[in-house]
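Chemist: Model the following, please.
(2 chains)
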Amino acid sequence: EPEVTQTPSHQVTQMGQEVILRCVPISNHLYFYWYRQILGQKVEFLVSFYNNEISEKSEIFDDQFSVERPDGSNFTLKIRSTKLEDSAMYFCASNEQGIPYNSPLHFGNGTRLTVT
Amino acid sequence: DAKTTQPNSMESNEEEPVHLPCNHSTISGTDYIHWYRQLPSQGPEYVIHGLTSNVNNRMASLAIAEDRKSSTLILHRATLRDAAVYYCILSFQGAQKLVFGQGTRLTINP
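Modeler: Now for the predicted structure:
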């Protein structure tokens, strides 16, 4: 069964550094998402992306965050200047039909970001 | 957005059925009911979704009350691998995201 893959599985970075988290969505999916989960807390929506544009973003997704689909297969989340509070699991997801109204989101197993 | 209410935790025994409840008294007529689960150290995983009628798939069954104000996820024969946090989520027409709550932490005893 096709799956969403994320790399790296764990990234450690120093405060103030830029990080790029990478995702390869399922190949025929056109709609992409980033979520994050701080340890012990809820899974939080960050951003949805379609046709090279952000469809919706949360309050968490401020100017420090950006997303890109640099080629036909990758979907990336960049954090420009990491803060301690950015430490979390970051999950990428994709969806075939777009809005997850009545079709499943497929999630990757996440990248654990540790900011020191 | 319509809200859901789930018990914080539940416990069951291996090879027994599990009924996970979800209340959504403010659900709108076109809101879908989704269930996802999150196994330890993994991303959320789609389980099932439905609108009005009961739904079955290889993982579980979804029983939706006639008034749609509640639903129950049924795992017919729990295994240790079913130990996870289960999320009941409503999605409204036009939504660009799913909003996760705290979910129900299901423990399966051997």
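
Chemist: ok, the spatially most central residue of chain A - contacts?
Modeler: By Cα atoms, centre = their mean, the mean C-alpha position of chain A lies nearest to residue A:34, the distance being 3.0 Å. Each residue near residue A:34 by Cβ atoms under 8 Å, 6 or more residues apart in numbering or on different chains is listed here: A:21, A:23, A:46-47, A:67, A:77, A:90-93. Placement of C-beta: from N, CA and C, glycine included.

Chemist: Dump those residues into a markdown table; add neighbour count as well.
Modeler: Shown next, in a markdown table, are these (neighbours: other Cβ atoms under 10 Å in any protein chain shown):
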| residue | neighbour count |
| --- | --- |
| A:21 | 22 |
| A:23 | 26 |
| A:46 | 22 |
| A:47 | 21 |
| A:67 | 23 |
| A:77 | 25 |
| A:90 | 23 |
| A:91 | 27 |
| A:92 | 28 |
| A:93 | 28 |
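
Chemist: Mind pulling up the pLDDT for the nearest residue to residue B:43 once chain neighbours are set aside?
Modeler: Closest residue in space to residue B:43, ignoring its immediate chain neighbours: residue A:107 at 3.5 Å, by Cβ to Cβ, 6 or more residues apart in numbering or on different chains. At residue A:107, the pLDDT value in this model is 97.

Chemist: What is the burial count for residue A:107?
Modeler: Under the neighbour criterion other Cβ atoms under 10 Å in any protein chain shown, residue A:107 is assigned a count of 23.

Chemist: cool, and residue A:9?
Modeler: The burial metric for residue A:9, expressed as a neighbour count using other Cβ under 10 Å, is 11.

Chemist: How about residue B:29?
Modeler: When neighbours are counted by other Cβ under 10 Å, residue B:29 registers 8.

Chemist: Next: residue B:47.
Modeler: The number of residues packed around residue B:47, counting by other Cβ under 10 Å, is 21.

Chemist: residues contacting it?
Modeler: Applying Cβ under 8 Å, 6+ apart, we find residue B:47 in contact with B:35-37, B:59-60, B:73, B:86.

Chemist: now residue A:47
Modeler: Neighbouring residues of residue A:47 by Cβ under 8 Å, 6+ apart: A:33-34, A:54, A:56-58, A:61, A:65, A:67, A:77.
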